[in-house]
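> This is a predicted model, with the sequence first.
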Amino acid sequence: MTDEQQATIEGAVRQILTAVGEDPDRAGLVETPARVARAYAEMFSSLEQPTFKDYKLFHEEDNADMVVVGQIPFYSMCEHHLLPFFGRVSVAYVPTNGTIIGLSKIPRLVDYVSRRPTVQENITNQVAAELEKILKPAGVAVSVAARHMCMEMRGVNKTGSVTQTATYWGEFKTNNALRQEFLMRAEHGNINV
Ligand SMILES: Nc1nc2c(ncn2[C@@H]2O[C@H](COP(=O)(O)OP(=O)(O)OP(=O)(O)O)[C@@H](O)[C@H]2O)c(=O)[nH]1
Ligand SMILES: [Zn+2]
């Protein structure tokens, strides 16, 4: 984020503080606008990268087994209220032609789609869409469970409610047993390894 963008955020945060009845010059708040600007730069950092490029592919002959990376934590900001929503993403794909992706790149992809104002459905679909584009796999499954602060600390005030979304592409769409295996391995399998 540029210095100019940071300065704009600082000015806006100062205005918000004043508008809600605070004194932005009191000791506890003087540095707050700059802190918020730095926090936004971090939380919305993927807006600066138009495409996800941070991945590596490998080719392993004959590997056609489903790969599952379960329970990846994520934090994002809902685009309706700019309040946090956070939870876990589980991802699986079935390789074609032995093409596999570096494992750490899947959590990096989750961060990439999360670090912007968005909604849970977009995180779910964008992880699947990127993997589809990068790997051309036989199938992709993404399941997301999250808590939304806009439903907990305001509005309907339903503390602890969990929103679940999922998308299934390719083989996961047609093969019910594969979907069940994904859910079992992602949500319950070998959590304590
Ligand atoms: N589908 C979806 N909705 C979301 C997500 N995050 C927040 N929302 C919803 O966005 C909606 C915005 O509705 P509005 O009626 O415009 O906003 P509001 O008056 O603040 O609504 P309440 O939260 O019901 O008080 C709310 O129903 C939120 O629960 C998300 O990730 N996905
Ligand atoms: Zn919201």
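Noted; the coordinates are in hand. Ligands and ions are numbered 1, 2, ... in the order given.
> Could you check how far Q164 is from ligand 1?
From Q164 across to ligand 1, the span is 11 Å (C-beta to the nearest ligand atom, to the nearest Å). C-beta here means a position set from N, CA and C on the backbone, and glycine is covered the same way.
> what kind of secondary structure is that residue in?
strand (DSSP: H, G, I helix; E, B strand; the rest coil).
> What's opposite it in the beta bridge?
Under DSSP bridges, the beta-bridge partners of Q164 are A145.
> Show the pLDDT at it.
Q164 is assigned a pLDDT of 97 by the prediction.
> and what of N63?
Looking at N63, its pLDDT is 77.
> Then H59?
The model's pLDDT for H59 equals 89.
> show me the residues around the closest residue to it other than its chain neighbours that make contact.
Excluding its sequence neighbours, the residue lying closest to H59 (C-beta to C-beta, 6 or more residues apart in numbering) is G98, at 5.2 Å. For G98, the contact set (C-beta atoms under 8 Å, 6 or more residues apart in numbering) comprises 59-64.
> do you know how far G98 is from I134?
Per C-beta to C-beta, to the nearest Å, G98 is found 15 Å from I134.
> Poorly predicted segments of the chain, please.
Within the chain, the stretches with pLDDT under 70 are 188-193.
> what does the domain assignment say about it?
3-43, 57-187 (automatic domain parsing).
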